[in-house]
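Peer 1: based on what follows, work out the 3D shape:
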Amino acid sequence: MRRFIISCLFTCLSALGTAAEKTNVLLIMADDLNNDLGCYGHPKVKSPNIDRLASQGVRFERAYCQYPQCNASRASMMTGMYPDQTGVRDNHTFFRERRPEAVTLPQLFRNNGYFTARVGKIYHFGVPGEIGTNGMDDAASWDEVVNPRGRDKDDEALVHSIDPKHSMGGTLSWLAAGGEDAEQTDGIGASACIELLERNRGGPFFIAMGFYRPHTPYVAPKKYFRMYPVEELRSPAEPADGLLGLPMAAWMDRPYQLSMDELTKRQATQAYYASISFMDAQLGRILDALETLGLSRNTVVVFVSDHGYHMGEHMLWQKTTLFENSARVPLIIAAPAHRETAGGSTGALAEMLDIYPTLADLCGLRTPDAVQGLSLRPQLRDTTAEARRAALTTLDAADRTHRPKLWPDTRGFTIRTDRYRYTEWDGGKLGVELYDHEADPGEYVNLSLAPHMRETLRDLKQLLASKIGEATREP
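Peer 2: You can find the predicted model right below:
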């Protein structure tokens, strides 16, 4: 009898221990972070903490957003649905207006007994206008929210913009700020995230940290600007015929940025790099806290940006294109259950909406039927495993400065395969693009009219049609 009682007690204590060891989630989002800047070996940008996280997890070298703009991309990722399924394809529509029944990623965890909290920008917030507010947040997702607001808001009158007629959040603007990291919005946000980790170290938790940088205006303390002397920076080397063969629908955006002189381009680049390094430093504080609190052993950490970014490539700056620069995102997943692949990278094609089923899978939760995408757990186990044949990104005319007047109803769809990028504008009526990444990783030679590519073009056209069907069907 005594042995039976002891056995029962051991079983109960083991069950309690298992519950206590539920896997936590820390989701960290950067805003407007170019994929090549950070843990991908950029010769200039200093991001030691993104590098540190990459050494603890798997880098997804070919991860793509579903829409190269903040609101639509974030709504897609957080609901696990494509933009056509959420009904969000702009920066103004709240996804609950179109999908009131959606169970968001944090809401799934909340429904399963997790404490959920948000700091900063996870759903869409206008930058800098809505910093310090709830923006377009979703109340059903969180138990607690923190809306940090720093001196960057108070110093907005000091921000330099290349064209004051346009919003400083929509054009190249910057400020080498006075004061210390802790006074800036992202510094305050990092401190709030650390406090949430300390307070909820017993778990289980789903905590989301949304940095506002490096979104324009590029604001960071002066010491980060000093890391990148202007005279050492250069604009991207562009082929002389790099715009030949491009459909106009694919290219011209924010035409006033075309008149920047070389010094202005370098200054903008300096400021963008400085903002990345400042954000990286705040990430480092959070990673330090995870280790100090002993949470690294049972917390999945995801680092991602909402889309990519141009810094002069194709004579373009910022986002809202269907080129690789804008569609590709940095993605790192550090999962305690898969330490065997830590520090590795995978070329498997991934979409941002794969994050939802991946986290659910890693934490043993069932995804709602409406959730699209694939769990990336196989790639965390084996970095050579394939995921999908193609990754899809789409863009509407209304999200480009020049295009609404010229082509008000135009939509672009693009797929990225292992080797190619294939894009159609208005079903091909306003242009088709085909790039071979083995020979042309910068996407400068449009092969859509090349006779030797006819068979490849036909196959990619069929694959794109299949992906569009997948992304537009009722979930």
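Peer 1: all strands of the stretch 251-400 of the chain, in order?
Peer 2: Ranges of strands in the stretch 251-400 of the chain, per DSSP state E, counting those that start in this stretch, are 299-305, 310-311, 317-318, 328-329, 331-334, 344-351, 391-396.
Peer 1: turn these into a markdown table, including mean neighbour count, mean pLDDT and distance to residue 454.
Peer 2: For every residue, glycine as well, the C-beta is placed using N, CA and C. As requested, the strands of the stretch 251-400 of the chain are exported to a markdown table (neighbours: other CB atoms under 10 Å; pLDDT from 0 to 100; distance: least, CB to CB, whole Å):
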| stretch | mean neighbour count | mean pLDDT | distance to residue 454 |
| --- | --- | --- | --- |
| strand 299-305 | 23 | 98 | 36 |
| strand 310-311 | 20 | 92 | 30 |
| strand 317-318 | 23 | 92 | 35 |
| strand 328-329 | 26 | 96 | 27 |
| strand 331-334 | 26 | 97 | 34 |
| strand 344-351 | 22 | 97 | 24 |
| strand 391-396 | 26 | 96 | 23 |
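Peer 1: which one, of the ones you listed, ends up nearest to residue 249?
Peer 2: Among the strands of the stretch 251-400 of the chain, strand 391-396 comes nearest to residue 249, with 9.5 Å by CB to CB.
Peer 1: tilt between that closest one and strand 344-351?
Peer 2: Per axes from the mean of the first three to the mean of the last three CA atoms, to 10 degrees, the angle that strand 391-396 makes with strand 344-351 is 50 degrees.
Peer 1: tell me which other helices or strands strand 391-396 touches.
Peer 2: strand 58-64, strand 344-351, strand 411-416, helix 454-472 (3 or more CB pairs under 8 Å, 6 or more residues apart in numbering; DSSP states H and E).
Peer 1: which one of those lies nearest to residue 139?
Peer 2: Here strand 344-351 is closest among these (CB to CB), at 26.8 Å.
Peer 1: dump the residue contacts of the residue nearest the centre of the chain.
Peer 2: Centroid-nearest residue in the chain: residue 305, 2.0 Å away (criterion: CA atoms, centre = their mean). By CB atoms under 8 Å, 6 or more residues apart in numbering, residue 305 lies in contact with 29-35, 329-330.
Peer 1: can you go through the residues you listed and name the buried ones?
Peer 2: When the contacts of residue 305 are checked for burial by 16 or more other CB atoms under 10 Å, the buried set is 29-35, 329-330.
Peer 1: wait, residue 445 touches residue 245, no?
Peer 2: Yes - counting by CB atoms under 8 Å, residue 445 does reach residue 245; the two are 7.2 Å apart.
Peer 1: isn't residue 368 right up against residue 103?
Peer 2: Yes - using CB under 8 Å, residue 368 is in contact with residue 103, at 4.7 Å.
Peer 1: for residue 442, grab the count of nearby residues.
Peer 2: 17 (other CB atoms under 10 Å).
Peer 1: that one - nearest residue in space that isn't next to it in sequence?
Peer 2: Spatially, and ignoring its direct neighbours in sequence, residue 442 is nearest to residue 313 (6.9 Å; CB to CB, 6 or more residues apart in numbering).
Peer 1: do residue 76 as well
Peer 2: residue 66 (4.4 Å).
Peer 1: just give me the neighbour total for the one you found.
Peer 2: 28.
Peer 1: wait, a helix at it?
Peer 2: No - applying DSSP: H, G, I helix; E, B strand; the rest coil, one finds residue 66 to be coil, outside a helix.
Peer 1: could you report the separation of it from residue 396?
Peer 2: Distance, residue 66 to residue 396, by CB to CB, to the nearest Å: 12 Å.
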